[in-house]
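Colleague: Provide a 3D model corresponding to the input given below.
(chains A, B, C and D)
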There are 2 protein chains.
Amino acid sequence: MSRGKARAALLVELEEAMRRSSAQGVLYGQAVANIAGISNSDLECLDFLNLEGRVTAGRLAEVTGLTTGAITGVVDRLEKAGYVRRERDEADRRKVFIVVVPEVTAKIGQFYVPMQQAMQKVWSGYSEEELRLLLRFALDGYKGVLEATEALKAVIDTPPEKRANPKMPKARR
Amino acid sequence: MSRGKARAALLVELEEAMRRSSAQGVLYGQAVANIAGISNSDLECLDFLNLEGRVTAGRLAEVTGLTTGAITGVVDRLEKAGYVRRERDEADRRKVFIVVVPEVTAKIGQFYVPMQQAMQKVWSGYSEEELRLLLRFALDGYKGVLEATEALKAVIDTPPEKRANPKMPKARR
DNA sequence: CTAATTATCTTAGTGGCTAAGATATATACT
DNA sequence: AGTATATATCTTAGCCACTAAGATAATTAG
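Modeller: Down below sits the predicted model:
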């Protein structure tokens, strides 16, 4: 206990640092969307499509939290700009798969280069063993955020008077 | 080289894992805004105010990338809902400081509880030494994202034909 | 003390979003 | 098979937050 920071204090700092970098990450995404001349939602969908490859319109609505009507608009704009194509599912002709057009989508990729370079630079300061720890944490963290998103839905169903009333994570200054 | 993952492969995995969790984090924020009944931008500003405490309208415009006109709207809505107050700077009466009303803002805090709990759970799986490494990384990462945001502005000023044309970070499947 | 600058607000117009319902296809029931 | 119900996407009307441009008010520079 005498040497090293007390664990509780460490966690507070960790939380604040992660909130700050995540907020800044959001801003980076907004800047990319602005520069690329597409809306935030459009870019969010395009990013997801790049991770998943081939996704139905309905799935896009699920993961973004937008209505299916809004997704129709998103896909219309992305398709018009050439980033994606619609592909009817031959097995179930109600479904529409959205697939990226990699040659065109690559134009967006350049706006992520500064972020990738900055991250490479950060990572260069860590040993392979440390990077493995970071990977473990990133994977754990992803699961955690998914869980939290689920749990948040439970909060909605809890009547307000039964909820805890915690302080907003507050500033220190 | 024979044991442990090759560093390059590790970095690719790390990047994907971090992109996924960051995307999911964005969704969590959107869900909070929906439940709280305020817009994404309003919540983003409120979060920033909670970190910084007391901030001018103009600074809010800077950090969010919104126009000052849009910020007027944000602050109007937040003020009407009781989350913040406007405070004229007595030294320079053009400026308006926006200050949070903690008692009211606490109502939003509850929606972050699931996230905090999930993160506590994740962090419980790490030793104090490991947490210190994570903190170092979170701080480095924040600096990195800030740098990247700056560097992105440089990309805008580079004529398109002089830019590299990298592939979009692509899926593996 | 006039001009230029800075900080916020106002206004008009636009675009993406939701809610509700239409359309088309698939599945379940009798 | 044939009818009802469910599912997936699209369409439409209306709303709200955003931008761009300019107005207002206060400060700083010459």
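
Colleague: tell me where chain A has strands.
Modeller: A:54-56, A:84-88, A:96-100 (DSSP state E).

Colleague: any idea which of the ones you listed is most buried?
Modeller: strand A:96-100 (a mean of 19; mean count of other CB atoms under 10 Å in any protein chain shown). For every residue, glycine as well, the C-beta is placed using N, CA and C.

Colleague: who does that strand pair up with?
Modeller: strand A:54-56 (antiparallel), strand A:84-88 (antiparallel) (DSSP bridges).

Colleague: and those as TSV, adding mean pLDDT?
Modeller: What follows is these, written out as TSV (pLDDT from 0 to 100):
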stretch	mean pLDDT
strand A:54-56	97
strand A:84-88	98
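
Colleague: so which of these is nearest A:T67?
Modeller: For the strands paired with strand A:96-100, proximity to A:T67 was assessed by CB to CB; strand A:54-56 is nearest, at 14.8 Å.

Colleague: helices and strands of chain A: which one bottoms out on pLDDT?
Modeller: helix A:128-157 (a mean of 92; mean pLDDT, DSSP states H and E).

Colleague: distance check, the closest residue to DNA strand D within chain A against A:R94.
Modeller: Using CB to the nearest atom of the strand, the single residue of chain A nearest to DNA strand D is A:G58, 2.2 Å away. To A:R94, A:G58 is 9 Å away according to CB to CB, to the nearest Å.

Colleague: between the two, which one's more packed in?
Modeller: A:G58 (13 against 8; other CB atoms under 10 Å in any protein chain shown).

Colleague: measure that one to A:S39 for me?
Modeller: From A:G58 to A:S39 the distance is 20 Å (CB to CB).

Colleague: low-confidence regions, chain A specifically.
Modeller: A:1-4, A:156-173 (pLDDT under 70).

Colleague: would you mind listing what in it touches DNA strand D?
Modeller: Counting by CB under 7 Å from any atom of the strand, chain A comes close to DNA strand D at A:56-59, A:61, A:67-69, A:71-73, A:75, A:86, A:92, A:94-96.
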